[in-house]
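In: Fold the stuff below for me.
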Amino acid sequence: MIKMELYDLVMAYGEFLEEEDYSEENTASLFTEDAKMLFAMGGPGQGIAELSEKHRGMTEPFTAVTHNITNVFSRLTGENSAEVRFHMEVVHEFRPEIAEKLPGNLFIVNDRIRARAIKTDSGWRFCEMEMNTVFKRMVQSAQ
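Out: Numbers count the residues shown, from 1 in each chain. I've put the predicted structure just below:
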């Protein structure tokens, strides 16, 4: 049951990224108030307001972004705490005015994500997350 709740938290994070609604309310549905995050591009962030803003900033140069999450692993580290790991492939399409200055219009990134989650009165929330880029490539899409 708990592993499924943690899996659902990871999938909810994926939906958060897909929907691009980075409101503080949505961010707080996934992260604790004092959560710390190290973004693969963009550096560290802490707290709901900053995490909301940093997520929003990640998508500004792009017209479209899609996220594919795989290899979800979770392990309880205490009665109300867990370690969570997953991989995320992200395909970004640059805005035309940016793409015309680059060797390609698509930026593909594979990140390995390690997180800690805790059980709160509102359910499981990430309290720490670190994104590490494993692979990245810029390509031109077939027109």
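In: Low-confidence bits of the protein, can you list those?
Out: Scanning the chain with the threshold set as pLDDT under 70 gives 143.
In: just the helices in it please.
Out: Ranges of helices in the chain, per DSSP state H, are 2-19, 24-28, 48-59, 96-99.
In: Show me what the nearest residue to Glu18 once chain neighbours are set aside is bridged to.
Out: For Glu18, ignoring the flanking residues on the chain, the nearest one in space by Cβ to Cβ, 6 or more residues apart in numbering is His67 at 5.8 Å. Quick note: C-beta positions are derived from backbone N, CA and C, even for glycine. The residues listed as beta-bridge partners of His67 by DSSP bridges are Val90.
In: His67 - how many residues pack around it?
Out: Residues lying near His67 (other Cβ atoms under 10 Å) number 17.
In: so it sits right up against Phe16, yeah?
Out: No. The pair formed by His67 and Phe16 falls short of the contact definition of Cβ atoms under 8 Å, at 9.4 Å.
In: what residues are up against Asn110?
Out: With contact set as Cβ atoms under 8 Å, 6 or more residues apart in numbering, Asn110 has these partners: His87, Met88, Glu89, Val90, Thr133, Val134, Phe135, Lys136.
In: Please consider this matter closed, and thank you.
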